[in-house]
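> Here is my input, please return the structure:
(chains A and B)
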Amino acid sequence: MLNVDSVSKKFGRFAALNGASFVAPQGGFISLLGPSGSGKTTLLRILGGLEFADSGSVRFADLNWLDMPARTRNAGFVFQQYALFRHMTVAENIAFGLKVRPRSSRPSRSEIRKRVNELLDLVQLPGLEKRYPSQLSGGQRQRVALARALAIEPRMLLLDEPFGALDAKVRKELRADLRRIHDHAGVTTVFVTHDQEEAFAVADLVAVMKDGRIEQYGAPADVRRNPKTDFVSEFLSV
Amino acid sequence: MSKRTFHKPTEDPIWLKALLAAVAVGFIVILLLLPLVLVFKEAFAQGLEGFWRAITDDDTLDSVWLSLAAAAIAVPLNTLFGIAAAWCITKFDFWGKAFLVTLIDLPFSVSPVVSGLVYVLVFGMQGWFGKSLADHDIHILFALPGIVLATIFVTFPFVARELIPLMQDQGRDEEEAAATLGASGLGTFLRVTLPNIKWGLLYSVLLCNARALGEFGAVAVVSGHIRGQTNTMPLHVELLYNNYDYVGAFAVSALLAMLAVLTLALKSLLEWRYADELAAIHRH
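Below you'll find the model as predicted:
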């Protein structure tokens, strides 16, 4: 269970999150959907440990999630601008999370290499391990970022508008791949987007956000059939 | 239809190109190259032997060692301070950040003589701590510690100033990604931040070193000009020149110039050697 309970966060005087709450099953695929400034990225970054909530709580797999630092949460994070390590090759990028583990839990070199190759196959980029990020297209970079996040066998996969910088065709391909990878890995995935088509196509549960709150939450079909507020129906009709 | 000659919008007439090139080359020759050549010409005015005699003079050698010692202490410390300051300023948000940035620039904006005088005010016999330091037989002014302090103050901004815009430009994404992948703070710095800034860091350390060896004003105030003891290379040049020992003055100047040329050569060599890696980082 992922239980997000009235999480709030202010930046100076601006309330980015204003008591956001939702509950999702383990292994669920949740989309946070909303216009810019609705607080969806802030909520995601709080789940990843990159931002701290002022109040509220998050429980995940019986853990007091917000009390844990980012590095111990084992939550893979995929950034809109890829955030690949630019001085490392593709293989080194993917292996990073395994190489920084303490010696006792660090896999051997050959295991790491095997894991990197498996992940490259999974994201459909076999043979690119020696390239640098600067030698890849945007779509390829985001696939590498996804493989890097999956390498640590995350409990939770967090994606911040991962396809925002890509063209429509690549977006559709990656969207389908993401769903396939999610099902394969059995993680709980939270996916931030402002594109409703994307959110509805890929997720089990959609949370429509407005002004730091969750305006409506439910299965895509339900949300689309019965918009609870004017804001939701207007946002979905665009 | 008559045929018109076509000019590329970015192409200037040949005479203008030649003029601009001549002006640029002329400036470089007159302002940079000629003085450098003259320094070496004067240094060797009495032949190789005269040059050798000048630079193996005891007081001259002492000044070389003093300068190297001061730089060997000041440059590593400023490298550490500079990295720490740039890391704080670019990777975290806190109250008073703008003030801290201004403070880092201070040594660039005040005259070096003033910064030297500040140390005299603090550590001198008439200063705040002068009396108690003297009672404990601790010598800061007119000794190596004073020279090091003045050098640190004057060269403080070099590393931080170079790294802050570079690290700002690179953002925090990679560090955040490293944290979510389980890296510790130190691990993130060593594996992610440091490799990304190493070229800027190297460049700024070389510049910092060049300035530390060449600093005159601030050091002149705190050193006391004791021959063979507290005279650094630039101070020794002045002393020899004022004593009409032109070969000596220019020989020591030539040494300083050679250190500068060596610094630049080292930088160019590294840039050439790692050109591929550099390009990969910048194209990202």
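
> if I look at the nearest residue to A:Val123 once chain neighbours are set aside, how far off is chain B?
Spatially, and ignoring its direct neighbours in sequence, A:Val123 is nearest to A:Arg143 (4.1 Å; C-beta to C-beta, 6 or more residues apart in numbering or on different chains). From N, CA and C alone the C-beta is placed, and that goes for glycine too. When C-beta to the nearest C-beta, to the nearest Å is the yardstick, A:Arg143 and chain B sit 15 Å from each other.

> for chain A, what spans make up the strands?
Residue ranges of the strands in chain A, as given by DSSP state E, are A:2-11, A:14-24, A:29-33, A:55-60, A:63-64, A:75-78, A:156-160, A:188-193, A:205-210, A:213-218.

> closest one to chain B among these?
strand A:75-78 (4.1 Å; C-beta to the nearest C-beta).

> That closest one - contacts with which helices or strands?
On a contact count with 3 or more C-beta pairs under 8 Å, 6 or more residues apart in numbering or on different chains; DSSP states H and E, strand A:75-78 meets helix A:40-48, helix A:138-151, strand A:156-160, helix B:173-180.

> Could you name the helices and strands sitting against the second one?
Under the contact criterion of 3+ C-beta pairs under 8 Å, 6+ apart, the helices and strands touching helix A:138-151 comprise strand A:75-78, helix A:90-99, helix A:109-122, helix A:168-185, helix B:173-180.

> thinking again about what came up before, please identify the most buried of the strands of chain A.
Most buried of the strands of chain A, by mean neighbour count (mean count of other C-beta atoms under 10 Å in any protein chain shown): strand A:75-78, with a mean of 28.

> gap between it and the chain center?
6 Å (C-alpha atoms, centre = their mean, to the nearest Å).

> I'd like to know how far the residue lying closest to A:Pro25 once chain neighbours are set aside sits from A:Leu33.
In space, and not counting its chain neighbours, A:Pro25 is closest to A:Met1: 6.5 Å by C-beta to C-beta, 6+ apart. Separation of A:Met1 from A:Leu33 (C-beta to C-beta, to the nearest Å): 21 Å.

> Equivalent analysis for B:Gln229, please.
Separation of B:Gln229 from A:Leu33 (C-beta to C-beta) stands at 74 Å.

> neighbours of A:Val187, just the number please.
Neighbours of A:Val187 under the rule other C-beta atoms under 10 Å in any protein chain shown: 23.

> To clarify, my last question referred to B:Lys8.
Using other C-beta under 10 Å, B:Lys8 has 6 other residues around it.

> same thing with the one 3 residues further on?
A total of 10 residues lie near B:Glu11 under the criterion other C-beta under 10 Å.

> Assumed it was part of a strand.
No. B:Glu11: not assigned to a strand; according to DSSP: H, G, I helix; E, B strand; the rest coil it is coil.

> May I have the predicted confidence score for it?
Predicted confidence (pLDDT) at B:Glu11: the value is 78.

> Point out the most buried one among the helices and strands packed on helix A:138-151.
Counting by mean count of other C-beta under 10 Å, strand A:75-78 has the highest mean neighbour count of the helices and strands packed on helix A:138-151, with a mean of 28.

> Neighbouring strands - and their directions - for that strand?
Next to strand A:75-78 in the sheet, as set by DSSP bridges, lie strand A:156-160 (parallel).

> ok so, going back, wait, the residue nearest to A:Pro25 touches A:Gly27, no?
No. Using C-beta atoms under 8 Å, A:Met1 makes no contact with A:Gly27, being 10.3 Å away.

> If anything else comes up later, I'll come back, but that's it for now.
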